[in-house]
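Colleague: I'd like to go over a predicted model; first the sequence, then the structure.
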Amino acid sequence: MGWIYQAENLQHRYGTQTVLQLDHLSIERHKIVGLMGPNGSGKSTLLRLLAFVESPSRGRIAYFPADGRQSSEAARLQVTLMGQEPYLLKRTVLANVVYGLKVRGESENLEKRAAEALQWVGLPPRAFLKRRWFELSGGEAQRVALAARLVLRPKVLLLDEPTASVDMESAQRIREAALRAQRQWGTTVVVSSHDRHWLFEVCDAMLHLFKGRLVGSGAENILLGPWRRRTDDLWAKLLEDGQELVLPGAPGPDAIALIAPDQLQLNLAPEGAPSPVAPLDVPCRVAGTLLRLTLERASGRILATVAVGRSLFTAKIPCGGSHRERFYPGQRVTITFPTENVQWLV
Ligand SMILES: Nc1ncnc2c1ncn2[C@@H]1O[C@H](COP(=O)(O)OP(=O)(O)OP(=O)(O)O)[C@@H](O)[C@H]1O
């Protein structure tokens, strides 16, 4: 156990734009860590920094291999990144999969090792080893790219949206192979994905990025403005279905509210009750439909995804007891928002 990465005051800029600003970052060895956040929040940038293919504009990332010998050479050999595009060499599948081994000066049993890696990602070696790069579907190319990383038995596997543009079968194979690497070899896996339910289900820890900053450990609710200041000094946000969300203390109309999922209280809406418009009292309450229940592996709790208009909210349901049985997808529910513990970002 222990940390494999640690960093303080890490910053990365492109030109004058600061795209990543992390006060502290640590990633535990042998774990599977999810990276989530909207488009442009800095996930790919962070993965490139963790892969040491780019250097941060400020600060440095310390890498601690299991043998304790800290060196950039160890990191170069032990860490591998699979980007959003497979970028295969214009050669056969075999040449692609063994390329990294050859670069590392290895020459033994290359074909056998490539065949094994292909099996891990569900591509039968007999059918695929001799295929050329243009004879693969998008999903197969992505799986070949993953096999080319797995064959190295990496200590750290960094995956940037590995299932974003592949079909269901390829996505499933990719997910299984990544988990197997972690379980079988103790590979530390850091994976960015917009498939938040999968991340919740498999990750030991989550990093939630928003505008280049770490805002929490995954399921936080991020509520963007505009907020309208009411005469009673509370701030209201109009949701797509006409309901209003009312919170105190916004620093301005464009502020962003951040609310942890365990702060939201979920209740069953009374049978046959019309959608309530936001009550004037505090705490604020809105009504929605429970879409999905997901087990969050890291906490052992159930996460409820609730749709209110086109907005999605995440609330935590305490584990065990009657709570679990009360809720199921399709139900009308109400979510009560806290009046305190809202973190405002500007
Ligand atoms: N090479 C680059 N040059 C200039 N700006 C860049 C470069 N790469 C990324 N950016 C900018 O940095 C910010 C973070 O981008 P990044 O790709 O890390 O986000 P992301 O969270 O991975 O997004 P997505 O979910 O869309 O992949 C964005 O504003 C992006 O435009």
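Modeller: Cool, the structure landed.
Colleague: Flag every buried residue along the host helix or strand of residue 113.
Modeller: Assessed by DSSP states H and E, residue 113 sits inside helix 110-120. Across helix 110-120, burial judged by 16 or more other C-beta atoms under 10 Å covers 110, 113, 114, 115, 117, 118, 120. C-beta: built from backbone N, CA, C; applies to glycine.
Colleague: again with stretch 241-253
Modeller: 243, 244, 245, 246, 247, 250.
Colleague: hmm, back to that, immediately after the helix holding residue 113, which helix or strand?
Modeller: Following helix 110-120 in sequence order, the next helix or strand is helix 125-128 (DSSP H and E).
Colleague: next one: that following helix to chain centre, how far?
Modeller: 32 Å (C-alpha atoms, centre = their mean, to the nearest Å).
Colleague: tell me what that helix is packed against?
Modeller: When contacts are defined as 3 or more C-beta pairs under 8 Å, 6 or more residues apart in numbering; DSSP states H and E, helix 125-128 sits against helix 110-120.
Colleague: Can you spell out which helices and strands pack onto the one helix or strand residue 179 maps to?
Modeller: Assigned by DSSP H and E, residue 179 belongs to helix 168-185. Under the contact criterion of 3+ C-beta pairs under 8 Å, 6+ apart, helix 168-185 touches strand 32-36, helix 138-150, strand 156-160, strand 188-192, helix 196-202.
Colleague: Go ahead and confirm residue 158 touches residue 80.
Modeller: Yes - using C-beta atoms under 8 Å as the test, residue 158 is close enough to residue 80 to be in contact (6.9 Å).
Colleague: could you check the distance from residue 337 over to residue 206?
Modeller: Using C-beta to C-beta, to the nearest Å, we find residue 337 at a distance of 22 Å from residue 206.
Colleague: what residue ranges in the stretch 1-150 of the chain score low on pLDDT?
Modeller: 1, 68-71 (pLDDT under 70).
Colleague: which parts of the protein sit against the ligand?
Modeller: Selection of the chain residues close to the ligand by C-beta under 6 Å from any ligand atom yields 14, 19, 37, 39, 40, 41, 42, 43, 44, 45.
Colleague: farthest pair in these?
Modeller: Spanning the widest gap among these are 14 and 37, at 17.0 Å by C-beta to C-beta.
Colleague: neighbour-wise, which of those two wins?
Modeller: Set side by side, residue 14 and residue 37 show more neighbours around residue 37, with 22 against 10, by other C-beta atoms under 10 Å.
Colleague: these two touch, right, the more buried one and residue 213?
Modeller: No - Residue 37 is not in contact with residue 213 according to C-beta under 8 Å; the separation is 9.4 Å.
Colleague: circling back: sort out for me which of the residues of the chain next to the ligand are in strands.
Modeller: Among the residues of the chain next to the ligand, the ones falling in strands (DSSP state E) are 14, 19.
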